[in-house]
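>>> Predicted model, plus sequence, below.
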Amino acid sequence: MKKSMLTLALVTGLSGCSTTTVPPDKSSTLYYTALYNAQAKAISSVLLEPTLLNADVILVGEWHTHPGVHLFQAELFEQLSKSNKRTALSLEQFSRADQLTLNQYVKGEIGEQYLIDNTQAWPNYKSDYRALVELVKTNNSDVIAANAPKNIVTCIGRQGISYLNKLDDKQRRYIAATIDTSPSDYKQRFMASMHHGTPSQNENYYAAQVTWDETMGESIVNYLNAHKDAQVMHIAGDFHVKNGEGIARVIKRLAPELNVVWISPVTSVQANQDGYQLQANPLPPRYVQKAHQQAAFKALAKRGKKTQCQ
């Protein structure tokens with residue numbers, strides 16, 4: 001039986017034995033991926049790429065639920081684990097409040113369903129993140145529950161950054177010590193993406209966004225301060241990673257000496273970029289009819305109201 005396009009792409013794009021990369025194929029499926037460097041040159045092997053191997057932090061942006069991107073993440077972690085650095089996996093998909101439970105799971109002390117039921121694991125954990133966490137277990141690697149708790153971030157989005165003053169000491173430790181909401185190119189890009197809400201509401205939404213960035217970045221720095229010879233691969237939505245803004249900016253502020261690189265998924269590869277580009281076909285459109293999209297937004301807003309803020 002012939003190998004699928006996915007198998008060929010992963011073998012040629014990530015295997016340490018290969019010297020070529022399958023060229024982009026417009027007819028390929030959502031599983032197809034190919035990795036390119038800043039000069040838009042295809043990477044023949046992660047194990048032959050010093051920039052990745054020598055990085056202290058590799059930020060991998062994702063399109064949530066994209067099967068090809070999630071498979072790439074698992075393949076990349078597996079390859080990095082074969083390098084000369086001990087690689088830890090850091091996750092947007094778990095919050096600091098989940099760390100002890102996540103540690104128990106990695107050590108084999110609890111089962112998977114108990115993990116899911118007793119953490120803020122994302123609904124698509126089994127389909128999209130299970131493979132990564134199982135690799136961590138197999139390699140006896142560490143896993144970092146890097147994010148801020150969803151309920152706290154939701155309330156910041158409603159009430160603004162001043163909501164932090166209402167948290168008790170335990171809750172406050174789940175959030176980064178500093179939340180920088182000052183003007184920046186990143187803030188401009190975020191505001192430009194907001195197509196609803198008043199200016200004051202969007203300021204609150206940005207405070208929530210930055211709370212995620214700050215907390216994930218600080219969590220990564222805290223881990224590396226305690227594990228000097230380690231390498232961290234962190235996965236998060238691409239807005240947190242793209243252009244070296246978001247999380248990377250936080251890490252460089254807290255620990256300028258750390259070598260941080262990032263990978264962003266793209267549908268079209270461009271030369272002269274600062275980071276790596278993971279070429280993947282786009283997901284199908286979520287909505288074709290505007291009425292369907294508006295109905296979904298209303299349902300999402302209704303679900304969000306269930307969170308009780310102080």
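Arrived safely, thanks for sending.
>>> State the next helix or strand along the chain beyond the strand ranked longest in the chain.
Scanning the chain for the strand with the most residues, using DSSP state E, yields strand 86-95. Per DSSP states H and E, the first helix or strand lying C-terminal to strand 86-95 is helix 99-106.
>>> now that following helix and strand 86-95, what's the angle there?
120 degrees (axes from the mean of the first three to the mean of the last three C-alpha atoms, to 10 degrees).
>>> Which residues outside helix 99-106 are in contact with it?
94, 110-112, 114-115, 118-119, 133, 136-137, 142-145 (C-beta atoms under 8 Å, 6 or more residues apart in numbering). The C-beta positions use only the backbone N, C-alpha and C, and glycine is treated the same way.
>>> what do you get if the cut-off is 6 Å, keeping everything else the same?
Contact partners of helix 99-106, identified using C-beta atoms under 6 Å, 6 or more residues apart in numbering, comprise 94, 110, 115, 118-119, 136-137, 143, 145.
>>> So which of these belong to helices?
Cross-referencing the contacts of helix 99-106 against helices under DSSP state H gives 115, 136-137.
>>> Count residues in the vicinity of residue 285, would you?
Neighbourhood size, residue 285 [other C-beta atoms under 10 Å]: 7.
>>> what's the answer for residue 219, then?
Neighbours of residue 219 (other C-beta under 10 Å): 25.
>>> Does it touch residue 146 like I think?
Yes. Between residue 219 and residue 146 there is a contact under C-beta atoms under 6 Å: 3.9 Å.
>>> And residue 175, how close does it get to residue 102?
18 Å (C-beta to C-beta, to the nearest Å).
>>> PyMOL command to pick out the buried ones of the contacts of helix 99-106?
Buried residues within these, by 16 or more other C-beta atoms under 10 Å, are selected in PyMOL with:
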select buried, resi 94+115+119+136+143+145
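>>> Between the contacts of helix 99-106, which sits nearest residue 193?
residue 94 (25.2 Å; C-beta to C-beta).
>>> Tell me where the protein has helices.
Under DSSP H, the chain gives helices at 5-14, 50-53, 67-80, 99-106, 112-117, 130-139, 150-159, 169-172, 185-193, 199-226, 246-254, 290-304.
>>> Listing request: residues of the protein with sub-threshold pLDDT.
1-28, 32, 301-305 (pLDDT under 70).
>>> Centre of the chain to stretch 59-69, how far?
How far stretch 59-69 lies from its chain's middle: 8 Å, per C-alpha atoms, centre = their mean, to the nearest Å.
>>> Now do the buried residues in that stretch.
Buried, per 16+ other C-beta under 10 Å, within stretch 59-69: 59-63, 66-69.
>>> Could you do stretch 115-130 as well?
Those would be 115-116, 119-122, 125, 128-130, for stretch 115-130 by 16+ other C-beta under 10 Å.
>>> contacting residues around the most centrally placed residue in the chain?
Residue closest to the average C-alpha location in the chain (C-alpha atoms, centre = their mean): residue 236, at 1.1 Å. Counting by C-beta under 6 Å, 6+ apart, residue 236 makes contact with residue 92.
>>> Pairing partners for it in the sheet, please.
For residue 236, the beta-bridge partners under DSSP bridges are residue 61.
>>> out of the ones in helices among the contacts of helix 99-106, which one sits closest to residue 49?
residue 136 (21.8 Å).
>>> related to what we said a few turns ago, would JSON lines of the contacts of helix 99-106 with distance to residue 157 be doable?
Shown next, in JSON lines, are those (distance: C-beta to C-beta, whole Å):
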{"residue": "94", "distance to residue 157": "20"}
{"residue": "110", "distance to residue 157": "31"}
{"residue": "115", "distance to residue 157": "27"}
{"residue": "118", "distance to residue 157": "25"}
{"residue": "119", "distance to residue 157": "21"}
{"residue": "136", "distance to residue 157": "30"}
{"residue": "137", "distance to residue 157": "34"}
{"residue": "143", "distance to residue 157": "27"}
{"residue": "145", "distance to residue 157": "21"}
